[in-house]
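Visitor: Here is the input, now give the coordinates:
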Amino acid sequence: MGKKYAASTRGFYDTEIHGENIPEGAVDITDAQHAALLAGEVSGKVISADADGKPILTDPPAPSLVDAIAALVKQVDADADAIYTAALGNRATEYAEAEAQAQMFKDSGYAGAVPAYVKAWADATAKTAQWAADDILSTAAAWRTAQTAIRANRLARKEAARKAGSVAEIGAVKAQWSAFVVAIKAQLGLV
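Guide: Numbering: from 1, shown residues only. Presented below is the predicted three-dimensional model:
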């Protein structure tokens, strides 16, 4: 009694459970082999059969061009979203309001009542309201520049992926995107 593997069904069988309902040509395997095969499958390998019908682990087949394009397009969007989340979290509206108030204060010649968001930053840093407004605007400008670069690269890489004629070309586009992600994260201090 023990475990068996049937290449015809690509399935495992236990003689105690399946009895006589095991496909013809199934080969005996040990519990250790069964566990190793399942562990390999969990780590991304594929269970297939060798010429004798014995189960072996192999690399999965290369993705089709359509699958590779879809995966890269999805990854590009997910990476861009992750950068936005890491840089802004859920504070995008707060930062937008701080920028608007800082711009209004600057446009007034730094005169009059100090807007609340500018005052909060000035108080927190023990600096002047003018410094706080300028710092908020400088930070916002740097973010807008990064945001523009992210958008431009995201759209360009997705379009390059869609126009790729081979999986190898997808690999090149993926490498370009990955290099950009590393650079923009470093620029934003996210690494």
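Visitor: And the helix ranked longest in the chain, what's buried?
Guide: Using DSSP state H to define each element, the chain has its longest helix at helix 129-163. Residues of helix 129-163 classed as buried by neighbour count (16 or more other CB atoms under 10 Å): 129-130, 132-137, 140, 143, 146-147, 150, 153-154, 157-158, 160-161. Using the backbone N, CA and C atoms, a C-beta is placed for each residue, glycine as well.
Visitor: Over to stretch 170-185?
Guide: Neighbour counts over stretch 170-185 (16+ other CB under 10 Å) mark 170, 173, 174, 177, 180, 181, 184, 185 as buried.
Visitor: Compile those residues into TSV and extend it with columns for distance to residue 116.
Guide: TSV is the format used below for the buried residues of stretch 170-185 (distance: CB to CB, whole Å):
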residue	distance to residue 116
170	49
173	45
174	45
177	40
180	37
181	35
184	31
185	31
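Visitor: Okay, and which of the residues you listed map to helices?
Guide: Of the buried residues of stretch 170-185, the ones assigned to helices by DSSP H are 170, 173, 174, 177, 180, 181, 184, 185.
Visitor: now, which of the buried residues of stretch 170-185 sits nearest residue 102?
Guide: Nearest to residue 102, judged by CB to CB, of these is residue 184 at 23.9 Å.
Visitor: mind checking how far that closest one is from residue 177?
Guide: 11 Å (CB to CB, to the nearest Å).
Visitor: That's all I had, so thanks and see you.
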